[in-house]
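A.B. asks: just a sequence and a predicted model for now, questions to come.
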Amino acid sequence: MNLNLARSILGLLLLCVAGIFAFIAALANEPAAQKTATGKTGNVFRDCPDCPEMVMLPQGRFIMGAPPGEEERENVMDYFRGRSVPQHLVTIRYRLAIAKFDVTRDEYAQFVAETNRPDPDSCYGPDESGRESDKKGANWHSPGFPQTGKDPVVCVNWDDAQAYVAWLGAKAGHVYRLPTEAEWEYAARAGTTTARYGSDRPAELCRYINHADLDFSELHPHESGVNRECRDGFAFTSPVGSFPPNQFGLYDMLGNVWQWTGDCWNDNYKGAQSDGSSWQSGECGRRVVRGGAYSNIPGLVRAAVRNRPKSSGRDHSGGFRVARTLP
């Protein structure tokens, strides 16, 4: 081979190798904001400086609903039984991000301030005797018990949550929404098949979830069925992130506050979709909430539990978190 030709070929090869290494180095030094835009599984990102932290979930499939015997083993009252059957396979084939935390009081206060949303004049909650009813004058910033700005907002109805996600979407330049019921359970289970993503042992529940335990019982002595085997440190709501996250890196998916979803209420899963989409038929004056709350006994703080409040109702234990479908 001609020596000059060989040198030219070698020079081109060296240039190509150098280009490859430069590309790899550029990827390694890529700013975090650009990396999160790729939507890699497990990434945490924000769409704006004061937008909620979002966690990119893996695509996958799971069995939705309560397995046979779980409700009996957990001593679930008859009113809540039979809602989470039949079990069915759900596949999430799209890129999904769920908020790392429930929407906090501080975050909701910003929304109220920027939209001049009027305060509601009542919120459903217990009186001193433990009897629950609409309490006049109670609202999201005065729910009837102490909260910090980092506690999850409560006393918000489904319409309030919808207004919040619309405002957030306009601010961020992306479509935000409430998670569907199937997305919520997929996110809450985080690959587990047990009743909870942490321990199911009553003595260990306080390590993972804010629920009706000994701390709650001392201020609510009228309540029965509370977990008397441990203390979680809170008699009411707790600041978001006070307990360990689940396997997807999401906090407070169980306990603390019930979370609104986008789905209409149906009494069970007969006819439910299998693709993770929102169920927009059924009793749409009621919407599905999931996760249980600080005031609920252990049997109601499970991945499979469903409840059916009126969409117009505001409750002392009801909040929400946001979701986003990524391109």
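C.D. replies: Alright, I've got the coordinates.
A.B. asks: list the contacts of stretch 319-327.
C.D. replies: 39, 47, 52, 54, 56, 94-99, 101-103, 152-154, 156, 161, 164-165, 168, 174-180, 183, 256-260 (CB atoms under 8 Å, 6 or more residues apart in numbering). C-betas here are computed from N, CA, C, even on glycine.
A.B. asks: now for residue 108, how many residues are close by?
C.D. replies: 24 (other CB atoms under 10 Å).
A.B. asks: what about it, distance to residue 121?
C.D. replies: Applying CB to CB, to the nearest Å, the value for residue 108 to residue 121 is 17 Å.
A.B. asks: is residue 123 within a helix or a strand, and which one?
C.D. replies: strand 122-126 (DSSP states H and E).
A.B. asks: and whichever helix or strand comes after that strand, what does it pack against?
C.D. replies: Sequence-wise, the next helix or strand beyond strand 122-126 is strand 132-136, with elements assigned using DSSP H and E. With contacts taken as 3 or more CB pairs under 8 Å, 6 or more residues apart in numbering; DSSP states H and E, strand 132-136 sits against strand 122-126.
A.B. asks: give me the angle between the strand it packs on and strand 132-136.
C.D. replies: 140 degrees (axes from the mean of the first three to the mean of the last three CA atoms, to 10 degrees).
A.B. asks: buried residues, strand 122-126. List them.
C.D. replies: 123, 124, 125, 126 (16 or more other CB atoms under 10 Å).
A.B. asks: check stretch 181-200 too.
C.D. replies: Buried residues in stretch 181-200 (16+ other CB under 10 Å): 181-190, 195-198, 200.
A.B. asks: so which of those is the closest to residue 238?
C.D. replies: Distance to residue 238, by CB to CB, is smallest for residue 198 among the buried residues of stretch 181-200, at 14.9 Å.
A.B. asks: got a list of what the closest one touches?
C.D. replies: 204, 205, 207, 208, 209, 244, 246, 254.
A.B. asks: equivalent analysis for residue 295, please.
C.D. replies: 212, 216, 220, 223, 316, 317.
A.B. asks: count of neighbours near the residue nearest to residue 309 when sequence neighbours are not counted?
C.D. replies: Spatial nearest neighbour of residue 309, excluding adjacent residues (CB to CB, 6 or more residues apart in numbering): residue 289 at 5.9 Å. Neighbourhood size, residue 289 [other CB under 10 Å]: 28.
A.B. asks: quick one: mean pLDDT over the helix or strand residue 289 falls within.
C.D. replies: Secondary-structure assignment from DSSP H and E places residue 289 in strand 283-290. On average, the pLDDT along strand 283-290 is 98.
A.B. asks: list the helices and strands that strand packs on?
C.D. replies: Packing contacts for strand 283-290, counted by 3+ CB pairs under 8 Å, 6+ apart, involve helix 181-189, strand 258-265, strand 306-307.
A.B. asks: what strands line up against the shortest one, and which way round?
C.D. replies: Sheet pairing for strand 306-307, assigned by DSSP bridges, gives strand 283-290 (antiparallel).
A.B. asks: who's in contact with the residue nearest to residue 213 when sequence neighbours are not counted?
C.D. replies: Excluding the flanking residues, the one nearest residue 213 by CB to CB, 6+ apart is residue 227, at 4.6 Å. By CB under 8 Å, 6+ apart, residue 227 lies in contact with 202, 205, 206, 211, 212, 213, 214, 297, 298.
A.B. asks: how about residue 54?
C.D. replies: Residue 54 neighbours (CB under 8 Å, 6+ apart): 44, 45, 46, 47, 97, 98, 99, 100, 322, 324.
A.B. asks: repeat for residue 234
C.D. replies: Per CB under 8 Å, 6+ apart, neighbours of residue 234: 210, 215, 216, 242, 294.
A.B. asks: contacting residues around the first one?
C.D. replies: Yep, that's residue 210 we're talking about. 232, 234, 237, 238, 242, 243, 252, 255, 256, 294.
A.B. asks: repeat that with 10 Å
C.D. replies: The contact partners of residue 210, by CB atoms under 10 Å, 6 or more residues apart in numbering, come to 152, 216, 232-239, 242-243, 252, 254-257, 292-296, 301.
A.B. asks: and what of the third one?
C.D. replies: Contacts for residue 216 (CB under 10 Å, 6+ apart) come out as 210, 223, 226-227, 231-232, 234-236, 294-297.
A.B. asks: which secondary element of the protein has the worst mean pLDDT?
C.D. replies: Least confident helix or strand, the chain: helix 32-37 with a mean of 31, by mean pLDDT, DSSP states H and E.
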